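Asker: predicted model and sequence follow; I will ask about them next.
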Amino acid sequence: MRVRLTSDPAAGAGPRAMLVERLAPRMVPDALATARDLGVLELEAVERSAAREPVAEALLDRWEALATLAAVDLGAARVVEPHLDALGILAEAAATDDAGPHDPDRAAVWGVFAAEGGDEPLRARPVGDGWRLDGVKPWCSLAGILDRALVTAHVDDAGTRRLFAVDLRAPGVAVDEGAWAARGLSEIPSGPVRFTEVAAEPVGADGWYLQRPGFAIGGMGVAACWFGGAVGLARTLHAALVERSDPHALAHLGAIDEQLEAARLVFADAARRAPGADRATARILAKRVRATVARTCDDVLARTARALGPAPLALDAEHAKRVADLQLYVRQHHAERDLASLGEALTASEAPW
């Protein structure tokens with residue numbers, strides 16, 4: 001069943017096919033098992049919308065496809081989301097004057113590795129007419145399976161970062177296969193990768209990746225996956241209450257419905273306002289969306305646990321996986337730290353309310 005972010009049933013309608021059919025040969029088997037049976041938007045159509053200037057309809061198509069996939073299997077959504085994000089980033093770079101010579105391989109499956117941390121931050125240096133990467137990049141999801149990735153690296157001692165395209169099968173790329181101990185998203189290892197003299201191709205100018213409005217839009221795509229995971233849990237509770245009547249569980253279901261509807265409206269509003277927004281506006285919009293959806297997910301996790309009790313967590317593998325996946329995935333929202341960042345952004349101008 002498709003997850004809709006608009007109240008108009010005709011909006012975002014398009015050809016139904018397997019969302020991940022083209023990714024299937026290289027996806028994790030556990031994620032594939034459900035994704036292959038899921039009719040969503042045709043992958044090529046979603047990729048085309050990701051690879052052009054975003055408009056409201058294209059954003060809703062992309063977010064609805066991700067949410068629909070996540071409602072069935074968050075692991076599958078965790079594979080598709082960065083691939084679509086990478087295509088959007090490459091399209092944005094191609095539209096700038098400083099995009100560089102990069103000619104993206106659209107037959108590849110892409111990742112986006114932009115997290116920072118560790119004692120050996122990834123650095124880029126010019127060598128001849130090209131660039132080389134050295135150092136360690138943390139949180140590189142599926143680096144041992146993907147074809148290519150967009151990776152941020154430091155280009156000077158002042159902390160300036162630039163985006164680079166790299167071939168993950170190139171010499172000098174070493175994936176730490178044993179670092180991932182998570183029970184959630186267990187099929188999506190996201191450990192560190194060491195780069196040693198790895199050839200890389202710049203995408204955009206210094207600082208461009210973080211400064212573009214599309215950075216915020218990409219963050220809302222992740223929130224669409226969280227939202228889909230919460231919808232999946234809500235559907236489990238709804239199905240359970242069709243079979244029995246429990247006033248306390250019904251109260252939890254009503255509260256979940258109220259929160260999911262509020263989050264849905266936030267996405268619909270964001271899709272309308274994000275296209276053409278400047279960086280500051282897009283940044284605040286994305287922080288609001290992500291905070292709203294993260295709070296909704298936390299509450300849905302708590303309420304479904306109270307309403308359903310321990311049995312499905314212990315005996316229903318699909319439900320237990322969805323809970324563990326969402327608990328981990330939604331922690332990409334950094335709670336009070338991200339809320340403080342939103343508050344700081346708001347103080348840069350007059351109060352918006």
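Answerer: Now that the structure is in, tell me what you want to look at. Numbers count the residues shown, from 1 in each chain.
Asker: in this protein, where is pLDDT below threshold?
Answerer: Where the chain drops to pLDDT under 70, the residues are 7-55, 97-107.
Asker: now do the strands in it.
Answerer: 16-18, 39-41, 110-113, 123-127, 130-137, 148-154, 161-167, 173-175, 193-203 (DSSP state E).
Asker: between the fifth one and strand 148-154, how big is the angle?
Answerer: So that's strand 130-137. Per axes from the mean of the first three to the mean of the last three CA atoms, to 10 degrees, the angle that strand 130-137 makes with strand 148-154 is 80 degrees.
Asker: okay, now V3: neighbour count?
Answerer: By the measure other CB atoms under 10 Å, the count of residues near V3 is 24. From N, CA and C alone the C-beta is placed, and that goes for glycine too.
Asker: can you check G117 too?
Answerer: Using other CB under 10 Å, G117 has 10 neighbouring residues.
Asker: isn't it up against P138?
Answerer: Yes: between G117 and P138 there is a contact at 4.8 Å, judged by CB atoms under 8 Å.
Asker: residues near A348, how many?
Answerer: Counted with other CB under 10 Å, residues neighbouring A348 total 9.
Asker: hmm, I typed the wrong one, I wanted R78.
Answerer: Using other CB under 10 Å, R78 has 26 neighbouring residues.
Asker: confirm for me that it is in contact with Y329.
Answerer: Yes: the pair R78 and Y329 passes the contact test of CB under 8 Å, sitting 6.7 Å apart.
Asker: pull up the overlap in contacts between the two.
Answerer: Here R78 and Y329 have 185, 225 as joint contacts, going by CB atoms under 8 Å, 6 or more residues apart in numbering.
Asker: circling back to that earlier point, now mean neighbour count and distance to R2 too, for the strands of the chain, in JSON lines please.
Answerer: Shown next, in JSON lines, are the strands of the chain (neighbours: other CB atoms under 10 Å; distance: least, CB to CB, whole Å):
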{"stretch": "strand 16-18", "mean neighbour count": "14", "distance to R2": "8"}
{"stretch": "strand 39-41", "mean neighbour count": "21", "distance to R2": "7"}
{"stretch": "strand 110-113", "mean neighbour count": "24", "distance to R2": "25"}
{"stretch": "strand 123-127", "mean neighbour count": "15", "distance to R2": "41"}
{"stretch": "strand 130-137", "mean neighbour count": "19", "distance to R2": "35"}
{"stretch": "strand 148-154", "mean neighbour count": "24", "distance to R2": "29"}
{"stretch": "strand 161-167", "mean neighbour count": "24", "distance to R2": "33"}
{"stretch": "strand 173-175", "mean neighbour count": "17", "distance to R2": "35"}
{"stretch": "strand 193-203", "mean neighbour count": "21", "distance to R2": "33"}
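Asker: wait, which of those strands is closest to E350?
Answerer: Between E350 and the strands of the chain, the shortest gap by CB to CB is with strand 161-167, which sits at 30.9 Å.
Asker: adjacent strands (with direction) for that closest one?
Answerer: The strands beside strand 161-167 in its sheet (DSSP bridges) come out as strand 148-154 (antiparallel), strand 193-203 (antiparallel).
Asker: any chance of these in a markdown table, plus distance to T296?
Answerer: Listed next are those as a markdown table, based on distance: least, CB to CB, whole Å:
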| stretch | distance to T296 |
| --- | --- |
| strand 148-154 | 29 |
| strand 193-203 | 32 |
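Asker: please name whichever of those is nearest to L210.
Answerer: strand 148-154 (7.9 Å).
Asker: okay, the angle between the closest one and strand 123-127?
Answerer: Here the directions of strand 148-154 and strand 123-127 differ by 100 degrees (the same axes, to 10 degrees).
Asker: which other residues reach strand 148-154?
Answerer: Applying CB under 8 Å, 6+ apart, the contact partners of strand 148-154 are 86, 89-90, 105, 108-114, 116, 121-124, 133, 135, 137, 140, 143, 160-168, 195, 200, 203, 209-210.
Asker: contact partners for the spatially most central residue of the chain?
Answerer: Nearest to the mean C-alpha position of the chain, counting by CA atoms, centre = their mean, stands V222 at 2.8 Å. V222 makes contacts with 81, 290, 332, as judged by CB under 8 Å, 6+ apart.
Asker: please parse the protein into its domains.
Answerer: 16-94, 110-203, 210-346 (automatic domain parsing).
Asker: as TSV, those with distance to W353 would be great.
Answerer: Listed next are the domains of the chain as TSV, based on distance: least, CB to CB, whole Å:
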stretch	distance to W353
domain 16-94	24
domain 110-203	31
domain 210-346	9
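Asker: so which of those is the most surrounded?
Answerer: Ranked by mean neighbour count under mean count of other CB atoms under 10 Å, the domains of the chain are led by domain 16-94, which reaches a mean of 21.
Asker: residues in contact with D278?
Answerer: Applying CB under 8 Å, 6+ apart to D278 gives the contacts P213.
Asker: once you drop chain neighbours, what's closest to R279?
Answerer: Nearest residue to R279, sequence neighbours excluded (CB to CB, 6 or more residues apart in numbering): P213, at 5.1 Å.
Asker: you'd agree the one you found is up against P275?
Answerer: No: the criterion here is CB under 8 Å, and P213 misses it with P275 at 9.1 Å.
Asker: out of everything not next to it in sequence, what's closest to A56?
Answerer: A271 (4.6 Å).
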